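> task: produce atomic coordinates for the following.
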Amino acid sequence: MTAGIHPLMPFWGLDVSQLDQRWLDCGHGVEALLFRADELHELAVLERNLSTVAPTGPLTMHFPMDANYLEDRWIRDRLYEFIDIALRHGGRGVVVHTNYLIPVERLYRHDLAALRQRFLDLFSEVDEYLAGTGLWLGVENMPLIGDLGDDVDAVFVYPSDFAALRFNNVGITFDLAHWVGALESSHQAARHELPAEILPPVQHCDLLDVTALRDRIKHLHFGAVSGVALPIRRSRAQGGDLPGDDPRYAALAQSMCGAGLTMSLELTEADYRRRVNLWRGLDWLSNRGFVAGGQAPA
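Reported below is the predicted structural model:
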């Protein structure tokens with residue numbers, strides 16, 4: 001590998017059949033994901049699978065995306081258990097969303113600044129827990145509105161939202177598609193195509209404003225988003241695409257190169273046991289000089 005980005009293959013941590021052995025043979029890493037809170041009852045399966053895989057490249061793990069660890073004590077305990085599993089298997093880090101999903105019609109009841117402070121207090125505790133381990137927790141930036149346009153998880157969207165997230169072991173997972181989607185939604189709001197009452201406070205940012213966060217970014221998620229969630233038009237955003245010739249993604253990837261960051265290629269597949277877009281995504285990155293190696297072995 002070069003000093004650029006280290007590409008990772010995401011897979012459902014409860015199903016090792018999703019792993020492409022050719023990827024592992026190339027020395028690339030993996031990101032083990034759980035999707036739903038009820039999967040936290042299967043952590044023994046996750047750990048057994050990680051023992052079986054033993055990737056030679058970097059390992060990261062992704063906590064379930066609907067698990068409210070802020071308010072549910074059992075789930076918070078599972079977050080620490082999840083971290084411990086990552087530590088036992090030599091993981092580099094653990095990715096979390098805030099997982100605080102608010103229906104758009106109830107958004108007005110929530111003080112996002114106060115909510116953000118509650119998360120910062122919790123992340124301070126996690127930071128202490130991780131001291132001396134070498135493992136990071138990466139808080140992922142989120143889009144302004146959910147893919148279906150019916151809820152928001154908008155505690156950390158814009159660079160300014162991360163202003164007080166300054167810890168030694170808790171940093172940022174930067175998702176390229178989420179950021180592009182947030183900018184698209186912000187532009188839609190500026191044109192009054194998204195009703196203000198269903199949105200968090202909108203900020204107007206430039207694409208590369210996120211470079212101000214670079215020293216706190218621990219990990220990257222790669223993929224492109226198409227469309228914008230517009231509930232009044234019943235349209236939705238679709239993630240997991242290849243960027244094609246969209247220059248925004250190349251500019252963002254270029255701005256993150258050189259630090260040896262890991263990047264999970266979150267690309268939609270027709271069949272996750274027969275990866276196609278994973279390798280296309282690696283080619284996209286390799287052809288632009290962001291990583292070494294691209295084509296799948298014969």
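> in this structure, which helix or strand is least confident?
Sorting the helices and strands of the chain by mean pLDDT, DSSP states H and E puts strand 238-241 at the bottom, at a mean of 66.
> return the distance of the helix or strand following it from the chain's centre.
Next along the chain after strand 238-241, taking DSSP states H and E as the criterion, comes helix 247-256. From the chain centre to the centre of helix 247-256 is a distance of 16 Å (C-alpha atoms, centre = their mean, to the nearest Å).
> who's in contact with the helix or strand following helix 247-256?
Following helix 247-256 in sequence order, the next helix or strand is strand 262-265 (DSSP H and E). Strand 262-265 has contacts (C-beta atoms under 8 Å, 6 or more residues apart in numbering) with 5-10, 29, 31, 58, 60, 62, 92-93, 95, 219-223, 256, 278, 281-282, 285, 291. Placement of C-beta: from N, CA and C, glycine included.
> what residues of stretch 271-281 count as buried?
For stretch 271-281, a neighbour-count test (16 or more other C-beta atoms under 10 Å) marks 272, 275, 277, 278, 279, 281 as buried.
> the first one reaches residue 12, doesn't it?
Put plainly, it is residue 272. Yes: contact status for residue 272 versus residue 12: in contact at 7.5 Å, counting by C-beta atoms under 8 Å.
> return every residue with contacts to both of these two.
residue 18.
> touching, residue 136 and residue 168? I think so.
No: the pair residue 136 and residue 168 does not pass the contact test of C-beta under 8 Å, sitting 9.1 Å apart.
> out of these two, which sits in the busier spot?
Between residue 136 and residue 168, counted using other C-beta atoms under 10 Å, residue 136 has the larger neighbour count: 23 against 11.
> OK, contacts around residue 158?
182, 203, 205.
> redo that, cut-off 10 Å
With contact set as C-beta atoms under 10 Å, 6 or more residues apart in numbering, residue 158 has these partners: 141, 144, 179, 182-183, 186, 200-205, 209-210.
> which of these lies closest to residue 39?
Of all these, residue 39 sits closest to residue 141, with 23.4 Å by C-beta to C-beta.
> look up how far residue 220 lies from that closest one.
Distance, residue 141 to residue 220, by C-beta to C-beta, to the nearest Å: 11 Å.
> pull up the overlap in contacts between the two.
Contacts common to residue 141 and residue 220, judged by C-beta under 10 Å, 6+ apart, are 172, 173, 174, 175, 176.
> so the third one sits in a strand?
Yes: applying DSSP: H, G, I helix; E, B strand; the rest coil, one finds residue 174 inside a strand.
> excluding sequence neighbours, find me the nearest residue to it.
Closest residue to residue 174 apart from its sequence neighbours, by C-beta to C-beta, 6 or more residues apart in numbering: residue 217 at 4.8 Å.
> thinking that neighbour is in contact with residue 179, fair?
No: shown here, residue 217 and residue 179 do not form a contact pair, counting by C-beta atoms under 10 Å, at 11.3 Å.
> quick one: common contacting residues for the two?
With C-beta under 10 Å, 6+ apart as the test, residue 217 and residue 179 both reach 141, 210.
> which of the two has more neighbours?
The neighbour comparison of residue 217 against residue 179 (other C-beta under 10 Å) goes to residue 179, with 25 against 20.
> what's the overlap in contacts for residue 136 and residue 168?
Common neighbours of residue 136 and residue 168 (C-beta under 10 Å, 6+ apart) are 127, 130.
> what about the helices in the stretch 151-298 of the chain?
Using DSSP state H, counting those that start in this stretch, the helices of the stretch 151-298 of the chain run over 176-190, 247-256, 277-287.
> quick one: the second one to helix 277-287, angle?
If I follow you right, that is helix 247-256. Angle of helix 247-256 versus helix 277-287, following axes from the mean of the first three to the mean of the last three C-alpha atoms, to 10 degrees, is 70 degrees.
> quick check: buried residues in helix 247-256?
So, applying 16+ other C-beta under 10 Å, buried residues of helix 247-256: 248, 249, 252, 253, 256.
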